[in-house]
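Undergrad: have a look at this fold, sequence not included:
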């Protein structure tokens, strides 16, 4: 079969004829329907030989994979030939630690290096891929595998950053997404489905900000020196309960920190290589004014979210109270589960991102 492979470190990948894989005990061969292209692929190509240690090239690229089960190794249960599956790329995970058993293999406590299909192992830029353990497969039902493929990285990355922040993203709060590329668009959709927050998209491109509107952002802000101030204005001086930086350069991190509210969270998933000094006094001590506290209470009781009047003059039209009420119920349910000592997780990261994606794609009519 013809595969797109990195033959040597820091060289241009090439097409190469290789043998089709066959499943050994516990393994599964997947017929590839879609294999996503990612910024990580450029990083993989740029790594020096010493980085790879015991897993050097050659190997087939492609770490965002979905397709159909083609061949099952002995001992594999729960799958049959023809099943539509997505491939969890966390192949360096142990499968036994707390994180792995919670469905968050991407945060495995014992992984020694980032290894995945296409990152040290043969990946999905080929007709077939050999999956080392059946636990890395997620059944996706009738979801199109081509559309599911990028969920295994771009979708999982943003979902895993948003999920632990959910208890702090209360109805009527502000959630900010910086960088409206593939990661940012997924983030907007997840926040739209999982929270009752005002979603603010930040980017330098008018075209991408327009996309952000289409995918569920309530407000858009052009990136730059005044972006944090605009976010504070939109939140009536409170600041953001959650900021997700999908770029990760100095300027975006500075914007994110300056926009934060009390007890808020900033997550960085962008690999821009930036950094920012962060200490006790870096987050401005803004407090909500009296009228804002009253407006926030109205939202919690089921009224409009703060900052959106729902008047006919708003080009987006009246704001439905249903989403706010749904957000309140979800927020209260999570709080109730924690108070009873129950499991506050909604669902493991890998399977959760696929489940949520079905909802999003269904609502977009696909």
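TA: Perfect, I can see it now. This one's a predicted model, so the numbers in the text were calculated from it and none came from an experiment.
Undergrad: which SS state does the spatially most central residue of the chain fall under?
TA: Nearest residue to the geometric centre of the chain (C-alpha atoms, centre = their mean): residue 158, 1.6 Å. Secondary structure, DSSP: H, G, I helix; E, B strand; the rest coil: residue 158 is helix.
Undergrad: contact partners for it?
TA: Under the criterion of C-beta atoms under 8 Å, 6 or more residues apart in numbering, the neighbours of residue 158 are 183, 184, 186, 187, 190, 244, 246, 269. Glycine gets a C-beta too; all of them are placed from N, C-alpha and C.
Undergrad: any idea how many residues pack against the last one?
TA: Counted by other C-beta atoms under 10 Å, the residues lying close to residue 269 total 19.
Undergrad: sec struct for the closest residue to the residue nearest to the centre of the chain other than its chain neighbours, please.
TA: Spatially, and ignoring its direct neighbours in sequence, residue 158 is nearest to residue 187 (4.2 Å; C-beta to C-beta, 6 or more residues apart in numbering). With three-state DSSP as the basis, residue 187 sits in helix.
Undergrad: the strands in the stretch 51-200 of the chain, which residues?
TA: 59-60, 64-72, 84-87, 116-117, 120-121, 128-131, 137-139, 174-178, 198-203 (DSSP state E, counting those that start in this stretch).
Undergrad: among those strands, which comes closest to residue 36?
TA: Closest approach to residue 36 among the strands of the stretch 51-200 of the chain (C-beta to C-beta): strand 64-72, 3.1 Å.
Undergrad: could you say what helices and strands that closest one packs with?
TA: Contact here means 3 or more C-beta pairs under 8 Å, 6 or more residues apart in numbering; DSSP states H and E; on that basis strand 64-72 packs against strand 28-36, strand 84-87, strand 128-131, helix 145-148.
Undergrad: picking that back up, so which of the strands of the stretch 51-200 of the chain is the most packed in?
TA: Neighbour counts averaged per stretch over the strands of the stretch 51-200 of the chain are highest for strand 174-178, at a mean of 30; criterion: mean count of other C-beta atoms under 10 Å.
Undergrad: hmm, back to that, wait, which of the strands of the stretch 51-200 of the chain is closest to residue 47?
TA: Using C-beta to C-beta, the nearest of the strands of the stretch 51-200 of the chain to residue 47 is strand 120-121, at 9.8 Å.
Undergrad: and that closest one, what other elements does it pack with?
TA: Secondary elements touching strand 120-121 (3+ C-beta pairs under 8 Å, 6+ apart): none.
Undergrad: for residue 112, give me the pLDDT.
TA: Residue 112 is assigned 86 on the pLDDT scale.
Undergrad: let me redo that: residue 300
TA: 45.
Undergrad: got it, and the one 3 residues further on?
TA: The predicted structure scores residue 303 at 38 on the pLDDT scale.
Undergrad: can I get the strands of the stretch 51-200 of the chain in JSON lines with distance to residue 280 and mean pLDDT?
TA: Putting those into JSON lines (distance: least, C-beta to C-beta, whole Å; pLDDT from 0 to 100) gives the following:
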{"stretch": "strand 59-60", "distance to residue 280": "46", "mean pLDDT": "96"}
{"stretch": "strand 64-72", "distance to residue 280": "40", "mean pLDDT": "97"}
{"stretch": "strand 84-87", "distance to residue 280": "42", "mean pLDDT": "97"}
{"stretch": "strand 116-117", "distance to residue 280": "38", "mean pLDDT": "94"}
{"stretch": "strand 120-121", "distance to residue 280": "40", "mean pLDDT": "94"}
{"stretch": "strand 128-131", "distance to residue 280": "47", "mean pLDDT": "98"}
{"stretch": "strand 137-139", "distance to residue 280": "42", "mean pLDDT": "96"}
{"stretch": "strand 174-178", "distance to residue 280": "22", "mean pLDDT": "97"}
{"stretch": "strand 198-203", "distance to residue 280": "25", "mean pLDDT": "97"}
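Undergrad: rebuild those strands as CSV, extending it with distance to residue 217.
TA: Shown next, in CSV, are those (distance: least, C-beta to C-beta, whole Å):
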stretch, distance to residue 217
strand 59-60, 37
strand 64-72, 24
strand 84-87, 26
strand 116-117, 30
strand 120-121, 37
strand 128-131, 35
strand 137-139, 28
strand 174-178, 7
strand 198-203, 4
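Undergrad: so which of those gets nearest residue 274?
TA: Per C-beta to C-beta, nearest to residue 274 of the strands of the stretch 51-200 of the chain: strand 174-178, 11.3 Å.
Undergrad: ok, that closest one: who's next to it in the sheet?
TA: strand 198-203 (parallel), strand 240-245 (parallel) (DSSP bridges).
Undergrad: what's the closest of those strands to residue 6?
TA: Of the strands paired with strand 174-178, nearest to residue 6 by C-beta to C-beta is strand 240-245, at 28.9 Å.
Undergrad: list the contacts of that closest one.
TA: 158, 161-162, 165, 168-170, 173-179, 184, 187, 197, 200, 231, 252-253, 256, 259-261, 264-270.
Undergrad: now that strand: buried residues?
TA: By neighbour count with 16 or more other C-beta atoms under 10 Å, strand 240-245 contains the buried residues 240, 241, 242, 243, 244, 245.
Undergrad: from the chain's centre, how far out does that strand sit?
TA: 14 Å (C-alpha atoms, centre = their mean, to the nearest Å).
Undergrad: tell me which helix or strand comes right after it.
TA: Next helix or strand after strand 240-245 toward the C-terminus (DSSP states H and E): helix 250-258.
Undergrad: of the contacts of residue 158, which is the most crowded?
TA: Most crowded among these, counting by other C-beta under 10 Å, is residue 187 at 34 neighbours.
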